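**Q** Let's see this in three dimensions:
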Amino acid sequence: MRVCLASTSPARLMLLRQAGIEPETRAPQVDEEAVIAEVEAAEGRILPAPEHVLLLARRKAAEVAERLRADDPAFDGFVLGGDSMFALGDEILGKPYTPEAATARWREMRGRTGVLHSGHSVFRLVPGEELREAFAVAEASVSFAADVDDDEIAAYVASGEPLHVAGAFTVDSLGGAFISHVEGDPTTVVGMSLSTVRALVRELGGSWTALWNRS
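**A** This next block holds a predicted model:
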């Protein structure tokens, strides 16, 4: 059973590999900002975080699934897509990109709890059949240690790790030591809830263990 990850995220790829799956990968050709802007303009409202991540996960997975079906009609398996964003109170925190933004973010986050929202879309591709999709949102709360000091923040920012990840932190690498508690599926915080993906695969008639292809 083949698996294609509709993402270029190293964290999602690593997560699947650790779960026994070596996926094919394809970068989704989706203008995320344009998609969100179009939907929000049409509906006259700002999408809340769960709807935001689910919309992007579904668009990215659908684009890859359609392209894969056209390029490789014999593909028999699943396409997995995801999107994540972190909310602290009413504020949505994306990737900080700059050291200054990451530093300010960490000074604001320490001692507080936020929610990581992760959208998931799974498509089942069977040669000669219509595409079928299952989708869901997973959430996990993340509490940051209150005693993280400015020197630790400076060192963490200097490592470069928090600059290009949602929320400016990781739970499975250098940032993990600064997180005091995670409530929910911890893999959600890494980038994709494995328990959610398993449930979606089963919803589409698949078996999670049939996806294991790493020795």
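
**Q** going forward, measure contacts between C-alpha atoms and count neighbours the same way
**A** Noted.

**Q** Show residues contacting the lowest-mean-pLDDT helix or strand in the chain.
**A** Sorted by mean pLDDT, DSSP states H and E, the helices and strands of the chain end with strand 91-93, the least confident at a mean of 87. Contacts to strand 91-93, defined as Cα atoms under 8 Å, 6 or more residues apart in numbering, come from residues 49, 85-87, 166-167.

**Q** Among the residues you listed, which ones are in strands?
**A** Using DSSP state E, the subset of the contacts of strand 91-93 located in strands is 85-87.

**Q** Tell me which other helices or strands the strand or helix carrying residue 56 touches.
**A** According to DSSP states H and E, residue 56 maps onto helix 49-71. Counting contacts by 3 or more Cα pairs under 8 Å, 6 or more residues apart in numbering; DSSP states H and E, helix 49-71 packs against helix 32-43, strand 77-88, strand 113-125, strand 132-144.

**Q** Pull out the CA atoms of that helix and give them to me as CSV.
**A** C-alpha atoms of helix 49-71 as CSV (Å, rounded to 0.1, in the frame of the first residue of the first chain):
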residue,chain,number,x,y,z
ALA,A,49,-7.8,28.5,13.6
PRO,A,50,-9.5,25.1,13.3
GLU,A,51,-11.3,26.1,10.0
HIS,A,52,-8.1,27.7,8.7
VAL,A,53,-5.9,24.7,9.1
LEU,A,54,-8.5,22.3,7.8
LEU,A,55,-9.1,24.3,4.7
LEU,A,56,-5.4,24.4,3.9
ALA,A,57,-4.9,20.7,4.7
ARG,A,58,-7.7,19.7,2.4
ARG,A,59,-6.6,22.0,-0.5
LYS,A,60,-3.1,20.8,-0.3
ALA,A,61,-4.0,17.1,-0.1
ALA,A,62,-6.6,17.5,-2.9
GLU,A,63,-4.1,19.2,-5.2
VAL,A,64,-1.5,16.5,-4.7
ALA,A,65,-4.1,13.7,-5.0
GLU,A,66,-5.4,15.1,-8.3
ARG,A,67,-1.9,15.6,-9.7
LEU,A,68,-0.8,12.2,-8.6
ARG,A,69,-3.8,10.5,-10.2
ALA,A,70,-3.0,12.2,-13.5
ASP,A,71,0.8,11.5,-13.4
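
**Q** Now do it: distance to the chain's middle.
**A** On the basis of Cα atoms, centre = their mean, to the nearest Å, helix 49-71 sits 12 Å off its chain's mean C-alpha point.

**Q** per-residue confidence averaged over that helix?
**A** Throughout helix 49-71, pLDDT has a mean value of 97.

**Q** So what touches it?
**A** In contact with helix 49-71 (Cα under 8 Å, 6+ apart) are residues 6, 26-30, 32, 35-36, 75, 79-85, 87, 92, 117-123, 125, 135-137.

**Q** Could you write me a ChimeraX select line covering just the buried ones among those residues?
**A** Remark: buried members of those, expressed as a ChimeraX selection using 16 or more other Cα atoms under 10 Å:
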select :6,26,28,32,36,75,79,80,81,82,83,84,85,87,92,117,118,119,120,121,122,123,125,135,136,137
